[in-house]
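*Asks:* Based on what follows, work out the 3D shape:
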Amino acid sequence: MHAELKSIGLIKHHRYEVLSKEEKGKAVTVFESTTPDGKKAFLKLLEKDIDGKPALASRGYGSTETLLDELHRLSTSDFDAKFDPKVAGVGKDRVMEDLLKEVSDPDHYINQDNRDVCTVTSITHSLAAKNPAEYARITADLATRGTSRLANGDFIRPTNDSWKDDGSNRSVGERLVHSGLMDYARPGGIYENIDPGLDGKKGTADDGTDRFTVTGTSGLVDAESLKILKGLHGYEFEVYMDGAGGKKDVLDKIKEELGSSRGPVLAGFDWGGTHMVNITKVEGDRVYFRNPWGGYEAGILPGVGATGSKHLGPARRTDDGWSGIESMSTKEYMKSGIGIIIPKAMSVPAGLSAAE
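*Replies:* Now for the predicted structure:
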């Protein structure tokens, strides 16, 4: 009775009522394993649909497990041995809260913050939005097993420092997934979530953001982005650059992809350096995109006297601050757009759209 009273908001939900007895039990376990904010996110997730069906019933690539199954697994499994709640600064209830927020509202909660991971953030945002069960599976794997098998059969592992608070507002799950994919993209590069600075010690005043230790750089090249996409989805992607018609060819290709429900389109911009975003819509004379800064950085746009990397980039406006949606004119796109990464049409498995 006590558990039922604590879960009253859940058990009275109209979508809870239609679950099987086993599913109801798993839903209650997940609900009770998280924080008050996590409970709110779970109730929001109950309302969410993927391809016209309840998101909780959706499955990852080739999986027999549902999103609810993956959430339940995280709630009932021990963390990987490398995890120390005292180091991470959070317990399982908070890790669950963050994952529930990310799969119920990825537009707001998935973000890169002050790390140079715009590509993997945009890629994982699309995954969480289109295939939340796969996103949850990978997150749960990394948190409880320390490794996860991707759709193409390869494995990823988070870097040793990804459990630690790195001064960003990313969740533990995001740090695990981002670092695992960055390390996978460049084998031997030794990716670090925290640059220790000149003194070589992490946790001191001269710490920087992320980097590949071997090269001292951060960010990814096209071939590395293609590798991540193939790993996550199990099929090939390609870079599409200017054709004979210049940037107009790229813009036309974006419209074609979006019109075929293969969006959002991963696109590069000259942002004082390459910045990768997800283009969501081209309407009238404007190009709309989801900035991987997410809802946390709404309204930070170029302006007179603005300083810092967050103020760099093309002329644009914030259209939906909560979701991180911005837009620019097509004229501005012709100036700052670089190219896009899209699925190779012939590589997508039969019966599976590139957006799934």
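*Asks:* Now do the strands in this protein.
*Replies:* Using DSSP state E, the strands of the chain run over 49-50, 53-54, 148-149, 155-156, 191-192, 211-212, 237-240, 265-270, 274-283, 286-290, 317-320, 325-329, 337-343.
*Asks:* Make TSV out of those and add distance to Gly62, mean neighbour count and mean pLDDT.
*Replies:* Every residue, glycine included, has its C-beta placed from N, CA and C. Formatted as TSV, the strands of the chain follow (distance: least, C-beta to C-beta, whole Å; neighbours: other C-beta atoms under 10 Å; pLDDT from 0 to 100):
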stretch	distance to Gly62	mean neighbour count	mean pLDDT
strand 49-50	16	15	96
strand 53-54	18	14	96
strand 148-149	10	18	97
strand 155-156	15	18	98
strand 191-192	27	24	88
strand 211-212	31	21	88
strand 237-240	19	17	96
strand 265-270	23	22	96
strand 274-283	24	21	96
strand 286-290	27	23	96
strand 317-320	34	15	87
strand 325-329	32	21	93
strand 337-343	17	20	95
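*Asks:* for the ones you listed, which one sits closest to Asp165?
*Replies:* For the strands of the chain, the distance to Asp165 is smallest for strand 191-192, at 14.5 Å, taking C-beta to C-beta.
*Asks:* List the contacts of stretch 211-218.
*Replies:* Here stretch 211-218 makes contact (C-beta atoms under 8 Å, 6 or more residues apart in numbering) with 115-117, 182, 186, 188-192, 195, 209-210.
*Asks:* measure the spatially closest residue to Gly234 that is not a sequence neighbour to Gly60 for me?
*Replies:* Excluding its sequence neighbours, the residue lying closest to Gly234 (C-beta to C-beta, 6 or more residues apart in numbering) is Ala151, at 3.5 Å. Here Ala151 is placed at a distance of 8 Å from Gly60 (C-beta to C-beta, to the nearest Å).
*Asks:* Who are the contact partners of the residue nearest to Gly234?
*Replies:* Listed by C-beta under 8 Å, 6+ apart, the contact partners of Ala151 are 61-62, 134, 231-234.
*Asks:* try Lys39
*Replies:* Contact analysis of Lys39 by C-beta under 8 Å, 6+ apart lists 9-10, 31.
*Asks:* rerun at 6 Å
*Replies:* With contact taken as C-beta atoms under 6 Å, 6 or more residues apart in numbering, Lys39 is in contact with Phe31.
*Asks:* so Met328 touches Arg316, yeah?
*Replies:* Yes - the criterion here is C-beta atoms under 6 Å, and Met328 meets it with Arg316 at 4.2 Å.
*Asks:* so where is the stretch 1-150 of the chain shaky, pLDDT-wise?
*Replies:* 1-6, 87-88 (pLDDT under 70).
*Asks:* give me that answer again for 50
*Replies:* Applying pLDDT under 50 to the stretch 1-150 of the chain flags the ranges 1-5.
*Asks:* Could you pull out the helices in it for me?
*Replies:* Secondary structure of the stretch 1-150 of the chain, counting by DSSP state H, counting those that start in this stretch: helices at 2-6, 8-11, 14-17, 21-32, 36-47, 67-76, 85-88, 92-104, 106-109, 118-130, 132-144.
*Asks:* how about those helices in JSON lines, adding distance to Ser171?
*Replies:* Formatted as JSON lines, the helices of the stretch 1-150 of the chain follow (distance: least, C-beta to C-beta, whole Å):
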{"stretch": "helix 2-6", "distance to Ser171": "24"}
{"stretch": "helix 8-11", "distance to Ser171": "23"}
{"stretch": "helix 14-17", "distance to Ser171": "25"}
{"stretch": "helix 21-32", "distance to Ser171": "17"}
{"stretch": "helix 36-47", "distance to Ser171": "11"}
{"stretch": "helix 67-76", "distance to Ser171": "13"}
{"stretch": "helix 85-88", "distance to Ser171": "10"}
{"stretch": "helix 92-104", "distance to Ser171": "3"}
{"stretch": "helix 106-109", "distance to Ser171": "8"}
{"stretch": "helix 118-130", "distance to Ser171": "12"}
{"stretch": "helix 132-144", "distance to Ser171": "9"}
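*Asks:* Nearest approach to Asp252 belongs to which of these?
*Replies:* helix 118-130 (21.3 Å).
*Asks:* Tell me which other helices or strands that closest one touches.
*Replies:* Applying 3 or more C-beta pairs under 6 Å, 6 or more residues apart in numbering; DSSP states H and E, one finds that helix 118-130 contacts helix 106-109, helix 172-185, strand 274-283.
*Asks:* want to throw these into a markdown table with distance to Gly324?
*Replies:* Shown next, in a markdown table, are those (distance: least, C-beta to C-beta, whole Å):
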| stretch | distance to Gly324 |
| --- | --- |
| helix 106-109 | 6 |
| helix 172-185 | 14 |
| strand 274-283 | 9 |
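*Asks:* Tell me which of these sits nearest to Ser77.
*Replies:* helix 172-185 (13.8 Å).
*Asks:* Does anything pack onto that closest one? Which helices or strands?
*Replies:* By 3+ C-beta pairs under 6 Å, 6+ apart, helix 172-185 packs against helix 92-104, helix 118-130, helix 132-144, helix 222-233.
*Asks:* Need the ones you listed in a markdown table (columns: distance to Trp322).
*Replies:* Listed next are the helices and strands packed on helix 172-185 as a markdown table, based on distance: least, C-beta to C-beta, whole Å:
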| stretch | distance to Trp322 |
| --- | --- |
| helix 92-104 | 13 |
| helix 118-130 | 14 |
| helix 132-144 | 19 |
| helix 222-233 | 26 |
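*Asks:* Alright, that wraps it up for me.
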